[in-house]
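J.: 3D model of this:
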Amino acid sequence: MTPEDGESGYTLLETLVAFAILAAAIITSFDIFNSGLRRMSATEESTSLADVARAELDRAALRPALSESTIMGKTGNVPWEIAISPVALESGQQLTEIFPFKLQFRRLSEVGSATPETILETIVLNRRAAP
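T.: Residues are numbered from 1 along each chain as shown. Purely as a prediction, here's the structure:
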């Protein structure tokens, strides 16, 4: 800025450049804030889904006897399924009363099909249901 004829101040171009820089900084700040909110929401959803999975797996494991099956249900607004399958024993191992079972918790989509990812899985020892 060069004062001419005793005038001082900023030119229109300098003012526009300053506003453009300020606008870019504000837009970037809002984008960072919005991204943080989205991540926080996704984390909260993931945490609540893990809580539902733990509770439902515990409930399934407490059944008096298990067999290969699928349990479906809905907790709150979360449709889910638990796949129960016996774990193959190594050759030579013999169990008489207690058997290992694999329990997999999957979140279901709105249509009713399982999403490809398993949210939580565990191995439990339980009695085998009578055939």
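J.: when you work out contacts or count neighbours from here on, use the C-alpha atoms and nothing else.
T.: Noted.
J.: just the element for the residue positioned nearest the centre of the chain, please.
T.: Nearest residue to the geometric centre of the chain (Cα atoms, centre = their mean): Ser46, 3.1 Å. Using DSSP states H and E, Ser46 maps to helix 12-61.
J.: measure how far that helix is from the centre of its chain, please.
T.: With Cα atoms, centre = their mean, to the nearest Å as the basis, helix 12-61 stands 15 Å off its chain's centre.
J.: what's next to the following helix or strand past it, contact-wise?
T.: Beyond helix 12-61 on the C-terminal side, the first helix or strand identified by DSSP H and E is strand 65-66. Under the contact criterion Cα atoms under 8 Å, 6 or more residues apart in numbering, strand 65-66 has outside partners 84, 101, 126-129.
J.: same question, stretch 70-80
T.: 49, 52, 81-84, 105-110, 114.
J.: where does pLDDT dip in the protein?
T.: For the chain, the stretches flagged by pLDDT under 70 are 1-7, 91-97, 110-118, 130-131.
J.: next, count neighbours for Arg106.
T.: 23 (other Cα atoms under 10 Å).
J.: from Asn34, how far out is it?
T.: 29 Å (Cα to Cα, to the nearest Å).
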